[in-house]
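Trainee: below is the sequence, then the predicted model.
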Amino acid sequence: MMHPLLRYEWAIVRAEIALALPGWRDRLMLAAMVALGVLLLLESGTSAVLRERAIVAVVLGAIAGWTGLRAGERRLERLAYGSVIAPAALDPAGRNYYRGVILVGIGCALIALGVPAGPWSILSLLAGMATGAVTGAFLPLRILPRCSFPARQRERCAITPTGALAGHQILAGTRFGRVALPLAAALATVLIANALPDTWSLALRLAIPAAVAAFTMLLLTRVDAQCVTFLARAGYGAWRSAWLHLTVVATYAVFLLPLLAVFAPHVLGPCAAAVATFALFAVLRVWSYRAYSKRLADVMLVFGGAAAAFLATSFPPLLVPIAIVAAIGLLRRATPATWRMA
């Protein structure tokens, strides 16, 4: 018999699928997009990279295992402290089942990815997943302390929206933290770009720094739906709310792009594209949370991101006008949310 925690999550998944794909035409379109995505993946040369570079497979598996387990732990934390099934979310057996289901799902996805590359690639992916999952399980859920403010600032209660959002994004709400952490991330990106050996293929030497920049942007563009709703109710417009979420990213870009232009100009283009893409995605997330409920916005963003990835690999020129149309549509729905209490 399925644990109540898993039944609850499965009911949510079914409801979200029914909401996002109400008719058979929508499901047929999704199946066609998935099939095309698989074909593009098979023709992209990913299998050759996994077959020739075992370290790439290990790193990819470790990232997948770490990310999946940490996301599951955060989900369990939210369910334990703010849901109708809090007792089930606090049950140790249910938590272990939950973690096991997540790891099994990630493992199946990695096996499907490694099948074209051969059994050794599958073993490397699974070994990396196990390493990332074990590391994520033994580390605390919050590695860095929560944002702290000087005593004088706490006494005056002078916590600005910029500092509060920066504290949520990088766990450092002070001005020094908002500058030091993006600078350290930019220097690390440049060092990684210059440390890659010349014997590696050009595509790999361009992709790894871009992936590092994308991962850094993913960490620096955290968007919380409750923060976005609060800003809207407090009178902050759509553009102002988006800019408040991009202040840390702007600092990172100001440090990163000149450093790359001087010390690693060959990766300037891919890294700049990664920065721009994730900045745009963060803006779209902010506007989506202003215009729709969190669940509906998340579903829209997932399917929109999948469609954008498909267009980027199949017909890139069509991606720009579609992104502009989507942004304009979200902006028109997000603008009236200012001062709206419900």
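Mentor: Thanks, I have it. Predicted model only: the values in this text are computed from it and were never measured.

Trainee: for the helix or strand Ala88 falls within, which positions count as buried?
Mentor: Using DSSP states H and E, Ala88 falls within helix 86-90. By 16 or more other CB atoms under 10 Å, the buried positions in helix 86-90 come out as 88-89. Every C-beta, even on glycine, is put in place using the N, C-alpha and C of the backbone.

Trainee: CA atoms only: put it into PDB for me.
Mentor: Output in PDB follows, covering the C-alpha atoms of helix 86-90 (Å, rounded to 0.1, in the frame of the first residue of the first chain):
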ATOM      1  CA  ALA A  86       2.500  17.200   8.200                       C
ATOM      2  CA  PRO A  87       2.300  14.000  10.300                       C
ATOM      3  CA  ALA A  88       3.000  11.900   7.200                       C
ATOM      4  CA  ALA A  89       5.800  14.200   6.200                       C
ATOM      5  CA  LEU A  90       7.400  13.800   9.600                       C
END
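
Trainee: tell me the helix or strand right after that helix.
Mentor: helix 92-114.

Trainee: how far is the very next helix or strand once past that following helix from where the chain is centred?
Mentor: As assigned by DSSP H and E, the chain's next helix or strand after helix 92-114 is helix 119-138. Centroid displacement of helix 119-138 relative to its chain, using CA atoms, centre = their mean, to the nearest Å, is 20 Å.

Trainee: and helix 119-138, what does it pack onto?
Mentor: Secondary-structure packing of helix 119-138 (3 or more CB pairs under 8 Å, 6 or more residues apart in numbering; DSSP states H and E): helix 46-52, helix 54-82, helix 92-114.

Trainee: now do the longest one and helix 92-114, the angle between them.
Mentor: On the basis of axes from the mean of the first three to the mean of the last three CA atoms, to 10 degrees, helix 54-82 is oriented at 150 degrees to helix 92-114.

Trainee: so what secondary structure elements neighbour helix 54-82?
Mentor: With contacts taken as 3+ CB pairs under 8 Å, 6+ apart, helix 54-82 sits against helix 46-52, helix 86-90, helix 92-114, helix 119-138.

Trainee: which regions of the stretch 151-300 of the chain sit below the pLDDT cut-off?
Mentor: Across the stretch 151-300 of the chain, residues meeting the criterion (pLDDT under 70) sit at 151-177.

Trainee: could you rerun that using 80?
Mentor: 151-178, 199-201, 203-204, 219-222, 295, 299 (pLDDT under 80).

Trainee: please, where are all the helices along it?
Mentor: Counting by DSSP state H, counting those that start in this stretch, the stretch 151-300 of the chain has these helices, from start to end: 151-156, 161-170, 175-195, 202-220, 225-233, 238-263, 268-291, 294-314.

Trainee: between those helices, which one is nearest to Leu21?
Mentor: Taking CB to CB as the criterion, helix 294-314 is the member of the helices of the stretch 151-300 of the chain that comes nearest to Leu21, at 8.9 Å.

Trainee: what inclination does the closest one have with respect to helix 225-233?
Mentor: Using the same axes, to 10 degrees, the direction of helix 294-314 lies 100 degrees away from that of helix 225-233.

Trainee: chain center to helix 294-314, what's the gap?
Mentor: With CA atoms, centre = their mean as the basis, helix 294-314 stands 12 Å off its chain's centre.

Trainee: report pLDDT for the residue nearest to Gly128 when sequence neighbours are not counted.
Mentor: If the residues on either side of it in the chain are set aside, Gly128 comes closest to Gly61, at 2.7 Å by CB to CB, 6 or more residues apart in numbering. Confidence at Gly61, expressed as pLDDT, is 84.

Trainee: domains of this structure?
Mentor: Following automatic domain parsing, one finds the domains of the chain at 1-143, 144-342.

Trainee: which positions in stretch 311-323 come out as buried?
Mentor: 311, 319, 323.

Trainee: what is the nearest of those residues to Asn194?
Mentor: Leu319 (30.4 Å).

Trainee: list the contacts of whatever helix or strand that closest one lives in.
Mentor: Here Leu319 sits within helix 319-334, counting by DSSP H and E. By CB atoms under 8 Å, 6 or more residues apart in numbering, the residues outside helix 319-334 that reach it are 238, 280, 283-284, 286-288, 290-292, 304, 308, 311-312.
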